[in-house]
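Engineer: below are the sequence and a predicted model for it; my questions follow.
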Amino acid sequence: MQNIDIKKVKETANYLKSKTNSKPQVGIILGSGLGGLVDEIELTHSFSYHDIPNFPVSTVKGHGGKLLFGKLNGKEVVMLSGRFHYYEGYTMQEVTFPVRVMKALGVELLMVSNAAGAMNPSFRVGDLMIINDHINLFPEHPLRGKNDDTIGPRFPDMTEPYNLEIIQKAKSIAQQLNIPVHEGTYIGLQGPTFETKAEYHWLRVIGGDTVGMSTVPEAIVAIHSGMKVFGMSVITDIGIREDMNAITHEEVLEAANLAAPKMAKIFKELLAKI
Ligand code: HPA
């Protein structure tokens, strides 16, 4: 049985604390091709994942694999450049381990980003969507197993996983910056196949606006541990469409790279306002 190993979480957090002397309030997880913010951080410390005790190691092209500490627009942050996906073979505990570590470091707000396919017919490649809800279609739940009541409740409430106040702030920032944003529901599933036409249609029918292979486990664990969550999708492909061209990982990364600066601006401004 897989349980959260809080001793390992503390061990890792203590190691990072001893090396950095940093107490970040905000944790940021950057999705595929969305590394733009990495260049903007006033870096104080950088760790390769394989140098951090107990950390899993990322294997996917386009994922940097570094944990960064520093200041971004005046706020102390810890940033995960390259996340862990369930499809890579990690357990859900491994996928969400960095979120537990962030909490142990003192993080109160988790900001996540992802590259996503769109089911909403009004979305276009390169658009941004603020995530205001999600549907969890992963085959395994990150909180399955024995619950440790000292780190979170057995049955966490999920009526407002994405903090409404922060969503409002992000929307007004986007407006001020003249960056159009959508708002909607992200569906998280395991991948690694992109969806069939029938699956994209079904994901729309059940209420999804975007779909991707991440974010949901991280958000759940953040909520479980008492953190606030803010998330955004960058639309990298359109699931429901007339033409028959295939979706490729390269196309996803390219679209994410193009749209990343817009999202980075919103994240940065948001940091100054929270
Ligand atoms: N489906 C699932 N995951 C994705 C997609 C998609 O269309 N685009 C980027 N990540």
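Structural biologist: Okay, I see it.
Engineer: any regions of this protein where pLDDT drops low?
Structural biologist: Low-confidence segments of the chain, defined by pLDDT under 70, span residues 1-2, 33, 58-64, 242, 244.
Engineer: which positions in it make contact with the ligand?
Structural biologist: Contact residues, the chain versus the ligand (CB under 6 Å from any ligand atom): 115-117, 191, 194-195, 211-213, 236-237, 239, 247, 252. C-beta: built from backbone N, CA, C; applies to glycine.
Engineer: next step: these restricted to strands.
Structural biologist: Among these, the ones falling in strands (DSSP state E) are 115, 116, 117, 211, 212, 236, 237.
Engineer: surely the fourth one and residue 187 touch.
Structural biologist: Yes - using CB atoms under 8 Å, residue 211 is in contact with residue 187, at 4.6 Å.
Engineer: so which residue is dead centre in the chain?
Structural biologist: residue 112 (3.2 Å; CA atoms, centre = their mean).
Engineer: looking at this protein, what residue ends up closest to the ligand?
Structural biologist: Residue nearest to the ligand within the chain (CB to the nearest ligand atom): residue 117, separated by 2.0 Å.
Engineer: can you pull the contacts of residue 261?
Structural biologist: Taking CB atoms under 8 Å, 6 or more residues apart in numbering, we find residue 261 in contact with residue 36.
Engineer: and if we set it to 10 Å?
Structural biologist: Taking CB atoms under 10 Å, 6 or more residues apart in numbering, we find residue 261 in contact with 34, 36, 37, 40, 179.
Engineer: show the backbone phi and psi for the spatially closest residue to the last one that is not a sequence neighbour.
Structural biologist: By that I understand residue 179. Take residue 179 and drop its neighbours on the chain: the residue closest to it by CB to CB, 6 or more residues apart in numbering is residue 262, 5.1 Å away. Here is the backbone geometry of residue 262 (degrees, to the nearest 10): phi -60, psi -50.
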